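> structure, please.
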Amino acid sequence: MRRRPTPLLALAWALLALAATAAHAEVRIHNDLDLGELASCVSDSGALYYGAHWCPMCRKQNAYFEGYSDALPYVECYDGPKSWGMNETCRSEDVKAFPTWIFGDGSVRRGALSPLALASATGCLDR
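Residues are numbered from 1 along each chain as shown. Predicted structure coming up:
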């Protein structure tokens, strides 16, 4: 005798399929982005990316842009070893975590952002 799936199980499968479809769409869009042009557009948008040379999430942020991370609008928050503390530039912007993105409109996002997320946050997706 065959059992009918419960509504909860059917809902779980539907949500899983939806998440997989959304993830696939982001990968496809990411593959269509020109990372060099996007990095330049992000920079031109007035966004600033605050980070630290010792920060693993900043390395991840840079890795998202492959060879074009030098074109991102990066602000280094430590002028020497971590033990020297954060520089005045980043303290005055109230940077609390790395990476921190401050966009041209004054909004703030923390953490490594995918190219698609940055394109959307800076209006570069619409260009």
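> tell me the spacing between the most centrally placed residue in the chain and Tyr49.
In the chain, the residue lying closest to the centroid (C-alpha atoms, centre = their mean) is Leu113, at 0.6 Å. Distance of Leu113 to Tyr49, given as C-beta to C-beta, to the nearest Å: 9 Å. For every residue, glycine as well, the C-beta is placed using N, CA and C.
> that's a helix at Arg109, yeah?
No - applying DSSP: H, G, I helix; E, B strand; the rest coil, one finds Arg109 to be strand, outside a helix.
> give me the low-pLDDT residue ranges for the protein?
For the chain, the stretches with pLDDT under 70 are 1-31, 127.
> and the strands in it, which stretches?
48-51, 74-76, 100-102, 108-110 (DSSP state E).
> contacts for the third one, please.
Spelled out, that is strand 100-102. Ala47, Leu48, Tyr49, Tyr50, Gly51, Glu93, Val108, Arg109, Arg110, Leu113, Leu118, Ala121 (C-beta atoms under 8 Å, 6 or more residues apart in numbering).
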